[in-house]
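Q: Show me the folded form of this:
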Amino acid sequence: MKKRKIGILVGSLRKNAYSKSVANCLIEIAPEHFDVQIVEIGNLPIYNQDYDDEEIEEYSKFRETIKSLDAILIVTAEHNRSMPAVLKNALDVGSRPYGKSVWNEKPGAIISQSYGTIGGFGANHHLRQVTSFLF
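A: Sure thing, here's the model as predicted:
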């Protein structure tokens, strides 16, 4: 059976982030026919449409990585009742330039978590709004 390549976007850059812990647990328990990897998003320059006409190495590598995946899983914390900026930036970088989105028709899922009582509801809600357009 062909292994399915699943990429995880972790919405927190903190060294000991809960999101990263959740992602690592998912990698450990993934079925053998899944090749699950965390896709680095912390090195992406802030999206700027002017860059669409330039060759930005970090953008190109990220887009090629996403294109090679069979599905995306987003694991994120909540920042001020929304998604972390680093995650929104990665979604924007992958969706551009216009008409060349790497997210098109790619299955995706969202896991939000928080040490608070509503478990990242705001981040989950905003991510569903954005990804319903992208995926």
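Q: buried stuff in the lowest-mean-pLDDT helix or strand in the chain?
A: Least confident helix or strand of the chain, by mean pLDDT, DSSP states H and E, is helix 121-134 with a mean of 91. For helix 121-134, the neighbour count (16 or more other C-beta atoms under 10 Å) marks 122-124, 126-127, 130-131, 134 as buried. Heads up, the C-betas are built off the backbone N, CA and C, glycines and all.
Q: any low-confidence regions in this structure?
A: For the chain, no stretch is flagged by pLDDT under 70.
Q: Can you list the residue ranges for helices in it?
A: Using DSSP state H, the helices of the chain run over 18-29, 57-67, 85-95, 121-134.
Q: Need the winner for burial among these.
A: helix 85-95 (a mean of 20; mean count of other C-beta atoms under 10 Å).
Q: So which elements touch that helix?
A: Identification of packing neighbours for helix 85-95 by 3 or more C-beta pairs under 8 Å, 6 or more residues apart in numbering; DSSP states H and E yields helix 57-67, helix 121-134.
Q: Output those helices as TSV; include the columns distance to Asn104.
A: Formatted as TSV, the helices and strands packed on helix 85-95 follow (distance: least, C-beta to C-beta, whole Å):
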stretch	distance to Asn104
helix 57-67	10
helix 121-134	8
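Q: out of the ones you listed, nearest to Ser21?
A: Of all the helices and strands packed on helix 85-95, it is helix 121-134 that lies closest to Ser21, at 16.2 Å by C-beta to C-beta.
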